[in-house]
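A.B. asks: The following comprises the amino acid sequence and a computationally predicted model.
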Amino acid sequence: MDEKPLLHKCLGLLYSLFCYVYSMLVLVYFVGFIGPPQVPKDIDSGPATAWYFAALIDVALISLFALQHSGMARKSFKSFWLQWVAAPIERATYVLFSSLALSLMFLLWQPISLTLWDIETPAARGLINGLYWLGWIIALLATFLLSHFELFGLKQALDVFRPHRGESRTFKTPWLYKLVRHPLYLGFVMTFWATPHMTVGHLLFAGVGTLYILIGTLLEEKDLVQLFGEQYRQYQRKVGMLLPFLGRR
């Protein structure tokens with residue numbers, strides 16, 4: 001193993017590690033942006049502006065993230081992208097761009113503070129906040145049930161240090177994936193909606209965010225059908241998309 005390739009591999013690993021750490025910090029901030037923990041700027045804080053102007057900016061920010069997140073995940077884009085980005089760091093770069101798009105949304109988000117509901121009963125607030133944290137637990141667990149470090153690009157950077165093995169993608173449905181096809185997205189949808197204090201701005205985020213997840217899920221399933229064929233079609237017929245029994249084909 002000569003020095004130059006080894007140096008490139010080490011730099012690629014350091015870069016992927018940076019992308020991973022940054023993405024984790026962004027996700028931790030996201031928890032506070034839409035939920036109970038205090039962060040410097042959350043979904044309902046910031047200078048007030050006209051509601052129609054705020055709504056336009058907020059929808060644009062979510063759309064920017066959606067275009068980046070789904071666009072860069074498509075096979076056609078990856079084929080083009082890999083001409084410029086080395087394969088071992090391609091996933092880490094995708095994760096970095098997603099994290100930057102989220103960071104921009106946190107920074108520029110415009111609150112619309114009109115309250116739609118504010119539940120004050122301690123038991124009800126506790127139940128709703130419990131659902132919020134359950135959503136995050138489901139989302140995090142879903143990443144580890146398949147391959148957390150592959151999802152965030154670290155495994156690809158580590159694989160270059162190992163002897164090359166021809167690995168084929170295997171279809172597996174561990175635990176939560178036997179209940180719903182996309183537990184990660186189910187967890188996110190739960191976090192969007194489970195709040196005891198719902199403002200118009202939060203409702204806008206939850207509604208547009210859920211719509212994007214539904215569209216993104218359909219696009220992802222097309223890729224999965226191409227990858228796994230009839231095996232995935234049978235899975236679609238047996239297991240609901242985001243809720244058990246709902247969305248089976």
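C.D. replies: Structure's in. What do you need?

A.B. asks: List the contacts of the lowest-mean-pLDDT helix or strand in the chain.
C.D. replies: Least confident element among the helices and strands of the chain, by mean pLDDT, DSSP states H and E: helix 75-81 (a mean of 89). Outside helix 75-81, the residues that touch it by Cβ atoms under 8 Å, 6 or more residues apart in numbering are 71-72, 90, 223, 226. In this view, the C-beta of every residue, glycine as well, is placed from N, C-alpha and C.

A.B. asks: who's in contact with Asn129?
C.D. replies: 35-36, 194, 196.

A.B. asks: Just name the lowest-scoring one in these, pLDDT-wise.
C.D. replies: Least confident entry in those, by pLDDT: Pro36, with 91.

A.B. asks: if I look at it, how far off is Gly126?
C.D. replies: 11 Å (Cβ to Cβ, to the nearest Å).

A.B. asks: try Trp109
C.D. replies: From Trp109 to Gly126 the distance is 27 Å (Cβ to Cβ).

A.B. asks: So which elements touch the longest helix seen in the chain?
C.D. replies: Counting residues, the longest helix found in the chain (DSSP state H) is helix 3-34. Under the contact criterion of 3 or more Cβ pairs under 8 Å, 6 or more residues apart in numbering; DSSP states H and E, helix 3-34 touches helix 87-108, helix 154-159, helix 183-193.

A.B. asks: if we go to 6 Å?
C.D. replies: Packed against helix 3-34 by the contact rule (3 or more Cβ pairs under 6 Å, 6 or more residues apart in numbering; DSSP states H and E) you find helix 87-108, helix 154-159.

A.B. asks: Columns distance to Arg169, pLDDT and secondary structure on top of the contacts of helix 75-81, output as a markdown table?
C.D. replies: Below are the contacts of helix 75-81 laid out as a markdown table (distance: Cβ to Cβ, whole Å; pLDDT from 0 to 100; DSSP: H, G, I helix; E, B strand; the rest coil):
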| residue | distance to Arg169 | pLDDT | secondary structure |
| --- | --- | --- | --- |
| Gly71 | 22 | 93 | helix |
| Met72 | 19 | 94 | coil |
| Glu90 | 16 | 96 | helix |
| Asp223 | 11 | 92 | helix |
| Gln226 | 12 | 93 | helix |
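
A.B. asks: Got a ChimeraX select line for the buried ones in these?
C.D. replies: The following ChimeraX line selects those of these that are buried, judged by 16 or more other Cβ atoms under 10 Å:
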select :72,90
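
A.B. asks: I'd like to know which of the contacts of helix 75-81 is nearest to Pro40.
C.D. replies: Checking the contacts of helix 75-81 against Pro40 by Cβ to Cβ gives Met72 as the nearest, at 28.3 Å.

A.B. asks: for the closest one, what are its contacts?
C.D. replies: Contact analysis of Met72 by Cβ atoms under 6 Å, 6 or more residues apart in numbering lists Tyr94.

A.B. asks: and with 7 Å instead?
C.D. replies: By Cβ atoms under 7 Å, 6 or more residues apart in numbering, Met72 lies in contact with 94, 97.

A.B. asks: Quick check on it: phi, psi?
C.D. replies: Main-chain dihedrals, Met72, degrees, to the nearest 10: phi -70, psi -20.

A.B. asks: how close does it get to Ala66?
C.D. replies: Counting by Cβ to Cβ - Met72 and Ala66 are separated by 11 Å.
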